[in-house]
Each structure stands twice: as C-alpha cells, then as structure tokens.
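Participant: kindly generate the corresponding structure for this input.
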Amino acid sequence: MADMTTPPDDTWTFEEALAVVSGVDGAVAVVASADTGAPEGAWGDVFVFDADSDDRRFPFSTIVTQDVPGFDTASRLDRDGVYRLNIGVGRDVFRELLGFDPAEHARHRDEYDFAEADRVLPHPAYAAQSWVSVVTPGPRTGEVVQRLLVAALDRHRRRGGR
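Facilitator: Okay, here's the model as predicted:
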C-alpha cells in the first residue's frame, strides 16, 4: 500500500503553487518576510489577497511552509518539499466538498490524515471557519484547486474582503 503522506513525484512544487495562486486574475500573492513586516514565524509563507483592495488583513488563500508547534502540526510540513495550500471556500462549498457543515468539523476530525498529499481536506485548524486545505497539490486536486481559488476570490469580494 502506498504511503499517502509522501507526495507523488508529479505534485506541484512550492514555486508552481505560488505561480498558480499568483496567476488568479485579480489576486496578489505576498511572500511573508522581514521586508513585509511579517513575524519571523511566518517568513516564507504566502498570503493571497484581492489585488483591488488595499486591505491586507484578510487573505482568501494562503500557502504555509512550516508547522506551528502547539497549534498546527497535523499536516507534518517539516517534510522535504511539503507545503499546504489553504483556501477559504465558504460554508456551502465546504459542505459540497466534504459532505458536512464546517461547524461539524470536530466530529469528523479523526476521519482525516491531514498529512495526506494531493487531497482536498478540511483545514486542520480553520475548518470551522470554512477553510479547506491541500497538502502539496497535484494531479488529483490541481483543477479543483484552481477553480476554488477563483471562486474564493469572488466570494471574498462579495463579502467585502472578509
């Protein structure tokens, strides 16, 4: 049986994922660094915002490259080449993708291996806020990720950037 937590060779590299999120029409991707004023723990992570808004408080998508000990380690991002793409999809899309309401995530949490590559999963920490995640997207999730990013930006705009 294959280890589903080891990303297949045909998954996206971090650079390819960054190109995909940066390529969403109307989106701007910001890589956190000392120059952007981000806290050191976020350096290297990507925050994707509405390019038409000056408000950079609420991203509609992120790419995280590292675990946060004591808070978010379920995806095991400490493995070589592994990162997690996160998307705020809203309650209806979350339910459509995963089959349950975001508020029910705690009841379903044990059903998921949050380190599994190339699968749409509830976000391990923000599922209740209607976020999904994909560890190292690839052939199983690439198309849906691109559609979800476009829809997430549209939803973000309709909600006034939140």
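Participant: so where is the protein shaky, pLDDT-wise?
Facilitator: Low-confidence regions of the chain, defined here as pLDDT under 70, cover residues 1-8.
Participant: and if we set it to 50?
Facilitator: Counting by pLDDT under 50, the chain contains low-confidence ranges at 1-2.
Participant: which residue is nearest the middle of it?
Facilitator: Nearest residue to the geometric centre of the chain (CA atoms, centre = their mean): Asn86, 0.9 Å.
Participant: with just CA atoms, put the strand or helix carrying that one into CSV.
Facilitator: Secondary structure assignment for Asn86, by DSSP states H and E: strand 84-88. The C-alpha coordinates for strand 84-88 follow below in CSV (Å, rounded to 0.1, in the frame of the first residue of the first chain):
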residue,chain,number,x,y,z
ARG,A,84,-0.1,23.3,2.4
LEU,A,85,-2.3,25.4,0.2
ASN,A,86,-5.3,26.7,2.1
ILE,A,87,-8.5,28.3,0.7
GLY,A,88,-11.4,30.0,2.4
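Participant: please list the outside residues in contact with it.
Facilitator: 17, 21, 59-64, 75, 77, 123, 126, 129-137, 145, 148-149, 152, 155-156 (CB atoms under 8 Å, 6 or more residues apart in numbering). Every C-beta, even on glycine, is put in place using the N, C-alpha and C of the backbone.
Participant: I'd like to know which of these are part of helices.
Facilitator: Mapping the contacts of strand 84-88 onto helices (DSSP state H) picks out 17, 21, 145, 148-149, 152, 155-156.
Participant: need the residues you listed in TSV with distance to Asp118 and neighbour count, can you?
Facilitator: Output for the ones in helices among the contacts of strand 84-88, formatted as TSV (distance: CB to CB, whole Å; neighbours: other CB atoms under 10 Å):
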residue	distance to Asp118	neighbour count
Ala17	12	22
Val21	16	24
Val145	10	23
Leu148	14	23
Leu149	16	21
Ala152	19	25
Arg155	24	19
His156	25	23
